[in-house]
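Chemist: what's the 3D shape of this:
(chains A, B, C and D)
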2 protein chains.
Amino acid sequence: MKTEPNIMISDQIQQALTDQIIRGQLQPDEKLRQDHIAKTFNTSHVPVREALLRLEARGLAVSIPRRGVRVAPFHPEGILEVKAMRLALEPVALRHAIPKMTPNDLNKAKKAQRACDDATDLISWEKTNRQFHSAILVTCAMPRLLLAIYDLQILSARHLLETWRSTWEERTDRDHTAIINAIMRKDSDAAVSVLKKHLQRLG
Amino acid sequence: MKTEPNIMISDQIQQALTDQIIRGQLQPDEKLRQDHIAKTFNTSHVPVREALLRLEARGLAVSIPRRGVRVAPFHPEGILEVKAMRLALEPVALRHAIPKMTPNDLNKAKKAQRACDDATDLISWEKTNRQFHSAILVTCAMPRLLLAIYDLQILSARHLLETWRSTWEERTDRDHTAIINAIMRKDSDAAVSVLKKHLQRLG
DNA sequence: CCGGCATAAATGGTCAACACTAAATAGGGT
DNA sequence: ACCCTATTTAGTGTTGACCATTTATGCCGG
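Modeler: Residues are numbered from 1 along each chain as shown, chains lettered A, B, ... in the order given. As a prediction, the model looks like this:
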């Protein structure tokens, strides 16, 4: 009885690197050298290659063959693009999710909302915020769509943490409560419309 | 003077495998064993691993750690999901593309349209059809969005070739001409609306 | 004949060493 | 001093071997 998932080293490396990139510990355009990273994880550089490959696929890094991988830079157009894609995809997920939501699902969403409002620092707020946005969508049961949205949210998070690094203040998000309320009324149109406004406000 | 692109073996392997998966030469759920593939490409299995990893990220394969990679199966829900995502994303790209289109871009789109109508067999039609759908969107200049759409179109193509394997007949696509006409009038609303109907018809 | 167990083969993940390329450094001519 | 070229250095991409785990095979008792 020991079905541990993700024993693959490259997964752990990927996870660690995404965190570091999101939080700005690895800065845009910084070189990601395979054997250096390999040393810090006590592995060879092959699993690192795989992790970097996946980071690239997810838009967190850019690679030039034979010339190495770098942390993806911020382009204003890139941010706009991510926003446009979230604006297109998240409403689809939400519309599919709302009719399927059980009371249990709703409770989880409410819990995520509270955790988000209770956050006292920027990085824990960002994390709980992402969890809230996922919580209201998971019920749609569309794995590919959810994965795409997840990656876009990661990209947004990076931008968010960068721009609000020091200007963040504790607050309760009225949009979130409005969305929850609309979901409780099973009013998809209202929920989607609030979500759209909410997404447009960021950035 | 020899700037050959794609010097990485894994890229070639990835390309070859996507083609084979799309065309059904590799069937759903078929096992993709690393060193077998490696032998057919005269390489070791590490570049194959990388190719498979990317196939998985693009939704063409599924992998279970320590248990290997298989060609992604067809799920009806999966098809629906891809359709919903294209329906959400392609209109965004089209709306951004139309205002930026130069006469040159338009000509390329028309050329792609003609090539598509002139296709005499299913697989060449599928290819030109995809090229048409890309041609009307590239001008939006949103690389991440275009990449996402590209992958979704690949997924659609697989389903398309599978379902129409023998029931395909030569024809001219009226939707395509309607879209082109709307683009020529710079009528984004009309173009998007035709595109949506067009995408809904497939599947 | 069947099911379960032990053993063998196959396959996946990792590693250390190699080949080759691009960048860094040093040298030499003007 | 400067620019151009040679040589060193660092880093990427690939290989073949290695170990661990999974899957197939064969054996045994029932």
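Chemist: could you give the mean pLDDT of the helix or strand hosting A:Met85?
Modeler: According to DSSP states H and E, A:Met85 maps onto helix A:76-97. For helix A:76-97, mean pLDDT is 98.
Chemist: which helices and strands does it pack with?
Modeler: With contacts taken as 3 or more Cβ pairs under 8 Å, 6 or more residues apart in numbering or on different chains; DSSP states H and E, helix A:76-97 sits against helix A:143-163, helix A:188-201, helix B:76-97, helix B:143-163. Quick note: C-beta positions are derived from backbone N, CA and C, even for glycine.
Chemist: centre of the chain versus the last one, how much separation?
Modeler: Averaged C-alpha coordinates place helix B:143-163 at 3 Å from its chain's average position (Cα atoms, centre = their mean, to the nearest Å).
Chemist: Quick one: name whatever helix or strand follows the helix holding A:Met85.
Modeler: Defined by DSSP H and E, the subsequent element after helix A:76-97 is helix A:103-118.
Chemist: Dump the C-alpha coordinates for that following helix into CSV.
Modeler: Extracted C-alpha coordinates of helix A:103-118, given in CSV (Å, rounded to 0.1, in the frame of the first residue of the first chain):
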residue,chain,number,x,y,z
PRO,A,103,-23.6,21.7,-1.7
ASN,A,104,-20.3,20.2,-0.8
ASP,A,105,-18.6,21.9,-3.8
LEU,A,106,-20.2,25.2,-2.8
ASN,A,107,-18.9,24.8,0.8
LYS,A,108,-15.4,24.3,-0.5
ALA,A,109,-15.7,27.4,-2.6
LYS,A,110,-16.9,29.4,0.4
LYS,A,111,-14.1,28.1,2.5
ALA,A,112,-11.6,29.1,-0.2
GLN,A,113,-13.2,32.5,-0.2
ARG,A,114,-12.9,33.0,3.5
ALA,A,115,-9.3,31.8,3.4
CYS,A,116,-8.6,34.4,0.7
ASP,A,117,-10.2,37.2,2.7
ASP,A,118,-8.3,36.2,5.8
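Chemist: pLDDT on whichever helix or strand comes after that helix, on average?
Modeler: Beyond helix A:103-118 on the C-terminal side, the first helix or strand identified by DSSP H and E is helix A:122-135. The average of the pLDDT scores along helix A:122-135 is 97.
Chemist: The closest residue to A:Arg54 other than its chain neighbours: what's it in contact with?
Modeler: Closest residue in space to A:Arg54, ignoring its immediate chain neighbours: A:Gln14 at 5.3 Å, by Cβ to Cβ, 6 or more residues apart in numbering or on different chains. Residues near A:Gln14 by Cβ atoms under 8 Å, 6 or more residues apart in numbering or on different chains: A:Glu50, A:Ala51, A:Arg54, A:Leu55.
Chemist: quick one: low-confidence parts of chain A?
Modeler: Flagging of chain A using pLDDT under 70 yields the residue ranges A:1-6, A:203.
Chemist: interface residues of it facing DNA strand D?
Modeler: For chain A, the residues in contact with DNA strand D (Cβ under 7 Å from any atom of the strand) are A:31-36, A:45-46, A:49, A:63, A:65-69.
Chemist: returning to that earlier point: neighbour-wise, which of the contacts of A:Gln14 leads?
Modeler: Neighbours here mean other Cβ atoms under 10 Å in any protein chain shown. Within these, the largest count is held by A:Ala51, at 28 neighbours.
Chemist: wait, what's in contact with that residue?
Modeler: By Cβ under 8 Å, 6+ apart, the contact set of A:Ala51 is A:Ser10, A:Asp11, A:Ile13, A:Gln14, A:Leu17, A:Ile37.
Chemist: follow-up on the earlier one: inside helices: which ones of the contacts of A:Gln14?
Modeler: A:Glu50, A:Ala51, A:Arg54, A:Leu55 (DSSP state H).
Chemist: Going by distance to DNA strand D, which of the residues you listed wins?
Modeler: Minimum distance to DNA strand D across the ones in helices among the contacts of A:Gln14 is 10.0 Å, recorded for A:Glu50 (Cβ to the nearest atom of the strand).
Chemist: and the gap between the closest one and A:Arg174?
Modeler: Distance of A:Glu50 to A:Arg174, computed by Cβ to Cβ, to the nearest Å: 43 Å.
Chemist: A:Lys127 now?
Modeler: 20 Å.
Chemist: Which of those two has more residues huddled nearby?
Modeler: Legend: neighbour count by other Cβ under 10 Å for A:Lys127 and A:Arg174, higher for A:Lys127 (16 against 10).
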